[in-house]
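*Asks:* output the structure for:
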Amino acid sequence: MKFVQIIDFETERLDEMQQLLKQAGERNAGSPGGPTHHTLLQDRDNPRRYLALIEFDSYEEAMRNSDDPETAKLAEQLGALCIGERVYTNCDVREMGELK
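*Replies:* Purely as a prediction, here's the structure:
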C-alpha cells in the first residue's frame, strides 16, 4: 500500500531548503526504496507555512528511508532552516485518482 508522510513546517529560507533537497536527490538518484513523489504546498494565509507530501511505495520503504543516516543528516539540516518544530503525519493512501 502506498504511504505518504506529510511534514508541516514554517520557514523563511525555502530556497536554501530546496537546494539541500536538490543535492540529496542528485546523490540518491537511482537508489531503490526512497521517495517516489513529492508535493510542496504553501499556505495562502500564512506564506511562511508549508506542507510537504512525500510519497513512498510502502510504509516499510518509508521506515527504511528514515533509518538511513543520510536521511537523518538531511532532516537535521532542514530542521535548522525551520521556524519552530516540524509536525509529521503518517498516512496510508486509501485512494488516489484524477477527477475529470
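*Asks:* contacting residues around the lengthiest helix in the chain?
*Replies:* Across the chain, the helix with the greatest residue count (assigned by DSSP state H) is helix 14-28. Surrounding helix 14-28, the residues in contact under the criterion Cβ atoms under 8 Å, 6 or more residues apart in numbering are 11, 34, 50, 70, 74, 77-78, 81. Every residue, glycine included, has its C-beta placed from N, CA and C.
*Asks:* hmm, 6 Å instead?
*Replies:* In this structure, residues lying in contact with helix 14-28 by Cβ atoms under 6 Å, 6 or more residues apart in numbering are 34, 74, 77-78, 81.
*Asks:* which stretches in this protein count as helices?
*Replies:* Taking DSSP H as the criterion, the chain carries its helices at 14-28, 59-67, 69-79.
*Asks:* how about the CA coordinates for the first one, as CSV?
*Replies:* Right, the one you point to is helix 14-28. Presented in CSV, the C-alpha positions along helix 14-28 are these (Å, rounded to 0.1, in the frame of the first residue of the first chain):
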residue,chain,number,x,y,z
LEU,A,14,12.8,27.9,1.4
ASP,A,15,15.4,28.5,-1.3
GLU,A,16,18.1,27.1,1.0
MET,A,17,15.9,24.1,1.8
GLN,A,18,15.2,23.4,-1.8
GLN,A,19,18.9,23.5,-2.6
LEU,A,20,19.7,20.9,0.1
LEU,A,21,16.9,18.7,-1.2
LYS,A,22,18.1,19.0,-4.8
GLN,A,23,21.6,17.9,-3.7
ALA,A,24,20.2,15.0,-1.8
GLY,A,25,18.1,14.0,-4.8
GLU,A,26,21.2,14.0,-7.0
ARG,A,27,23.1,11.8,-4.5
ASN,A,28,20.3,9.3,-4.3
